[in-house]
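>>> Here's a sequence, model it:
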Amino acid sequence: MFTDAHFITSCYQLSTLPPDHGGELIFLGRSNVGKSSLINKLCGKKLLARTSKTPGRTQCLNVFSIGSEARLIDAPGYGFAKVPLTVKQQWQKLIVSYCQTRQCLRAIVIVMDVRHPLQPFDQEWLSSVSTAEIPVVVVLNKLDCLGRMQQKKSMMQVEHYCRQHNYPVRLAGVSCRSGDGVDSLRQHLKDLFVD
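Residues are numbered from 1 along each chain as shown. The predicted structure follows:
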């Protein structure tokens, strides 16, 4: 699993997604938070999901196969992408509809920058997806940018916020650059596909 990952299709509407069976993970996150880099690291492939220094590069639901009947979904980044408001609203509607209606969805993975966790859009999405009754995994990315004490402080901040709002999330910290935390996150995500 994961190591056999390959791109399947890009979807601008739910009707063009693969059949709704098997299992899927959707990756959400602010533009430029390292979401595509995380997908690449988890799958051990540098060029699987397109990465860019330009926010807003992912503009649809990109679907990747990670094994028989298992898929990853790379969603458009939210936040400061330089795209028209109407386009952002279309993305949001598409993602919310996906999270609320997709029967094969196993978990929602929200990626945040460990240096700037819980930005307003992060908080909005946590609130939106916590009602979907699907497991939520919050990944604090870019651990290598902070020292151990600051990492711990950010983790505790997110943990406290989620507990305060009764969001039942699983928290993980990773560095796509150093690989820290990636193996344990990968194992946790694999376990979600085991019935």
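
>>> From the centroid of this protein, which residue is nearest?
The chain has Phe27 as the residue nearest its centroid, 2.1 Å off, counting by C-alpha atoms, centre = their mean.

>>> Relative to Val194, how far out is it?
Going from Phe27 to Val194 by C-beta to C-beta, to the nearest Å gives 20 Å. C-beta here means a position set from N, CA and C on the backbone, and glycine is covered the same way.

>>> Kindly report the same for Ala70.
Here the criterion is C-beta to C-beta. By it, Ala70 lies 11 Å from Val194.

>>> about what we covered before: leaving out sequence neighbours, find the closest residue to the residue nearest to the centre of the chain.
Taking C-beta to C-beta, 6 or more residues apart in numbering, and ignoring the residues beside it in sequence, Phe27 has Val109 as its nearest neighbour in space, at 4.8 Å.

>>> Next one: the residue lying farthest from the centre of the chain, what pLDDT does it get?
With C-alpha atoms, centre = their mean as the measure, the chain has its most outlying C-alpha, relative to the mean C-alpha position, at Met149: 24.9 Å. pLDDT recorded at Met149 is 96.

>>> my read is it is in a helix, agree?
Yes. Inclusion of Met149 in a helix is indicated when DSSP: H, G, I helix; E, B strand; the rest coil is applied.
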